[in-house]
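Trainee: With the sequence up front, the predicted model follows.
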Amino acid sequence: MRASRQARFLRKLSFAVAIPLAGLSMPAQATEPTATVVEFYAASLNHYFITADSAEAAMLDAGVVVPGWVRTGVTWSAWAAAADSATTVPVCRFFGTPGIGPNSHFYTADANECAIVKENPGWTFEGIAFYIEPVQNGSCQPGTTPVYRSFYPGANVSQSNHRFLIDLTMFESMAPASVLEGVVMCSPLSSAQVQADAVRLLEQSTFGPNDALTSHVVAVGTQGFLDEQFAQPASQYPAFKYVPAGGQASFCASDPDPQCTRDYYTLFLLQNAFFQNALAASDQLRQRVAFALSQILVTSGLDVHEAYAMAKYQQIFRDYAFGNYEDILTRVTLSSVMGDYLNMVNNDKPVGQVNPNENYARELMQLFSIGVWELDSDGTQLLDASGMPIPTYSQNTVEAFAHVFTGWTYPVLPGVAPRTHNPKNFLGDMVAVDSNHDASAKVLLDGFVEQPGLSAQADLTSAIHLVFMHPNVGPFIGKQLIQKLVTGNPTPQYVARVAAVFDNNGHGARGDMRAVINAILTDPEARGAVKLAAGYGKLREPVLYMIGAARALGTQSDGVFFGNESSALGQPLFYPASVFNYYPPTYVVPGTSALGPEFAIQNSSTSINRYNFANAIAFGTITPLATLPGAIGTTPNWSQLSSLAGDPNTLLDELSSLLLHGTMPPAMRSAIVPAINAVPATDPLTRAKTAFYLVITSPQYQVER
């Protein structure tokens, strides 16, 4: 089984390493591209065709001479003339010689390939189609993006056809029906395309773009911005007061805070702190990764109510977001919050017929590390000889791990003598009580035998390392991080590339989260000015939807409004219904075969409440909560949008650029302009609010692509 996994991984990696990871958020050419390549498709032929000749494109649109060709929506930039760029090369255009070659066109920017094809009687040279930037040393240079070529062999030579795409997701989705030939030329980027990808990067790596941050990303580039973010120190949750668990009735009776129960025995203040940091703190990428990890290694305020406790647990993810995943697993395992939530605390060795609790042992494997099925390196399930999925562990394995995780109790309260079962307290990690630990031999994953006589700490360390080293961890965790940051339905190739970095960061280290996050965000499937693959993207989960809209407006807030709204939108922050998070990573969008995890909490009620949120932030007055000291309410800054509202199209240009990567469809623009014009030009504020409301409630914004 392991040999099969390795063979499959090497086959996939042989293609993956050939793909240049050139991001789009790089300095653009000094001159804007002067030609646009347009793709057409003929269903009767099952063929694709590209042209940069506007007259030829108009002829195909008219369908007069050659009927049946329609635009696919795929376009990319090129040069119209050799003099338009100092580094440009010509693209040779060929057509299959009738009766000999394919009934198709072929293009190449490689002078040697062009010369060879000219000598092939199956192809007829038609001339230079356009000019393009060349591939250099196997990759595309800054200011350009790769153009990928695939070959569809067809049933016979006349049916074969090549396709040229700048969207790697679309390109990879054509396998195995087509031969994926890789990068063959490099499309020059316009300044608008560079900005569009900068916005997309900020959607993936922060809680939302704004104009200033977008300009900064354009200036420093993708990697420059990520390096800055990796260097940012972790923002901190407040150090909330320790309160005795379950003792609010007696404790709060004498506490000076009149809102004692709300402030200390709910996560109200913690939610406020989260939203304040998400809106304004500089460690945006760290916070985004921490938020993603908190939805993989889940605890819930439904069970752990104390603010000080959950703040300590959530801080783990901020502190270790760019560290090592084995350290994250260890910190989570030892957390007294997790111990309480999944019953590892005071979980003792067998006594008579009473066996150790299995909750944490099961969820450590099922949800936090390896999943229930053996995976190939690309996240797809491995199958046995009968075509059935292979379990990663059995019930016996769960029971064995349950015995490993015995002998831990709450940390000792200051001034209280230690016991074998300390009273509930979340001030620190759980502590070991070796007399309550099962030190017998245990058969763990894949037949590994844990030797007898180990202490509780040694047993735990060994077991965590064993789980961490399982080959499933890279694809299982990597895929979920891709889903949380980039797209809900990543291709297997994308998962494989990220899993390979999890396995080895390039310097021999496994589980390097900084390297993994960097790989996710610089991958060609993440980067790009426009994404056209049908299953690409994700529904903005409620927290990201709200904060993204608020950050675009430069909103100031104490966080209360967003905490309340998160529940109405189906994602009550820090209160997931179970260890399975707010929504499962395996949820398939109804009527499709595409994964769309966030759609699991999208229903008629939460959909309507998104409109209510948008109405409140655009047109409402969100006043400070009288019972919260220092409350400021929530106040958007409308000055920038109001200054543009005199011209509806200028206003929509800004909203399209900032919120939709410059991809607002003409039909959407045509629908919004009358609504703006219905507001008098003497009221620019209401004009701005109207346009903003209509954009953030649109499907084009709610589904991030």
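Mentor: That came in fine, so what should we check first?
Trainee: going forward, measure contacts and count neighbours with C-alpha atoms only.
Mentor: Noted.
Trainee: remind me which residues of the chain are low pLDDT?
Mentor: 1-30 (pLDDT under 70).
Trainee: for the residue of it most remote from its centre, phi and psi?
Mentor: The outermost residue of the chain relative to its centre, with distances by C-alpha atoms, centre = their mean, is Gly99 at 48.9 Å. The phi and psi values for Gly99, taken as degrees, to the nearest 10, are phi 80, psi -10.
Trainee: what sits against Leu375?
Mentor: Leu375 makes contact with 381-382, 471-472, 475-476, according to C-alpha atoms under 8 Å, 6 or more residues apart in numbering.
Trainee: partners of it in the sheet?
Mentor: With DSSP bridges applied, Leu375 shows beta-bridge pairing to Gln381.
Trainee: Then Asp429?
Mentor: Ser335.
Trainee: From the structure, what's the count of residues near it?
Mentor: 23 (other C-alpha atoms under 10 Å).
Trainee: any idea how far Trp79 is from it?
Mentor: The spacing between Asp429 and Trp79, counted by C-alpha to C-alpha, to the nearest Å, is 61 Å.
Trainee: Phe151 now?
Mentor: Taking C-alpha to C-alpha, one finds Phe151 at 24 Å from Trp79.
Trainee: more crowded one of those two?
Mentor: Trp79 (25 against 18).
Trainee: contacting residues for the more buried one?
Mentor: With C-alpha under 8 Å, 6+ apart, Trp79 has these contacts: 33-36, 85, 88, 130-132, 188.
Trainee: Among these, which one has the most neighbours?
Mentor: Pro188 (31 neighbours).
Trainee: Show me what that residue is bridged to.
Mentor: Residues in beta-bridge contact with Pro188 (DSSP bridges): Thr144.
Trainee: Who are the contact partners of it?
Mentor: Counted by C-alpha under 8 Å, 6+ apart, Pro188 has contacts 28-29, 33, 77-79, 132-133, 143-145.
Trainee: Now the residue most central in space within the chain: closest residue in space that isn't a chain neighbour?
Mentor: Nearest to the mean C-alpha position of the chain, by C-alpha atoms, centre = their mean, lies Leu485 at 1.7 Å. If the residues on either side of it in the chain are set aside, Leu485 comes closest to Gln204, at 5.0 Å by C-alpha to C-alpha, 6 or more residues apart in numbering.
Trainee: Tell me the secondary structure of the one you found, please.
Mentor: helix (DSSP: H, G, I helix; E, B strand; the rest coil).
Trainee: measure it to Pro648 for me?
Mentor: 29 Å.
Trainee: Which of those two has more residues huddled nearby?
Mentor: Counted by other C-alpha under 10 Å, Gln204 and Pro648 do not tie: Gln204 has more neighbours, with 25 against 20.
Trainee: so who does that one touch?
Mentor: Per C-alpha under 8 Å, 6+ apart, neighbours of Gln204: 485-486, 521.
Trainee: Nearest to Tyr583 among these?
Mentor: Leu485 (15.0 Å; C-alpha to C-alpha).
Trainee: The closest one is in contact with Phe207, isn't it?
Mentor: No: contact between Leu485 and Phe207 fails when scored by C-alpha atoms under 8 Å: they sit 10.3 Å apart.
Trainee: so what sits against both of these two?
Mentor: With C-alpha under 8 Å, 6+ apart, Leu485 and Phe207 have common neighbours Arg288.
Trainee: what's the burial count for Glu358?
Mentor: 20.
Trainee: after the biggest helix by length in the chain comes which helix or strand?
Mentor: Criterion DSSP state H: the longest helix present in the chain is helix 211-231. Downstream of helix 211-231, the next assigned helix or strand under DSSP states H and E is helix 248-254.
Trainee: contacting residues for Ala500?
Mentor: So Ala500 contacts 377, 474 (C-alpha under 8 Å, 6+ apart).
Trainee: if we go to 7 Å?
Mentor: By C-alpha atoms under 7 Å, 6 or more residues apart in numbering, the contact set of Ala500 is empty.
Trainee: tell me which element it is part of?
Mentor: Counting by DSSP H and E, Ala500 is part of helix 492-503.
Trainee: quick revisit: among the contacts of Pro188, which are in helices?
Mentor: Among those, no member falls in helices (DSSP H).
Trainee: Most neighbours among those residues, which one is it?
Mentor: Thr145 (32 neighbours).
Trainee: wait, isn't that residue in contact with Val184?
Mentor: No: Thr145 is beyond contact range of Val184, at 10.9 Å (criterion: C-alpha atoms under 7 Å).
Trainee: re earlier: next up, phi/psi of the residue nearest to the centre of the chain, please.
Mentor: The phi/psi pair for Leu485 (degrees, to the nearest 10) is phi -100, psi -30.
Trainee: still on that earlier bit, any idea how far the residue farthest from the centre of the chain lies from Tyr41?
Mentor: 22 Å.
Trainee: cool, Thr397 as well?
Mentor: Following C-alpha to C-alpha, the distance that separates Thr397 from Tyr41 is 54 Å.
Trainee: And for Ala533?
Mentor: Counting by C-alpha to C-alpha, the gap from Ala533 to Tyr41 is 15 Å.
Trainee: for Ser150, same thing?
Mentor: 15 Å.
Trainee: Among these two, which residue is more densely surrounded?
Mentor: Shown here are Ser150 and Tyr41; by other C-alpha under 10 Å, Ser150 has more neighbours (22 against 17).
Trainee: What residues does the closest residue in space to the more buried one that isn't next to it in sequence make contact with?
Mentor: The shortest distance from Ser150 to any non-neighbouring residue, by C-alpha to C-alpha, 6+ apart, is to Leu180 (4.5 Å). By C-alpha under 7 Å, 6+ apart, Leu180 lies in contact with 149-151.
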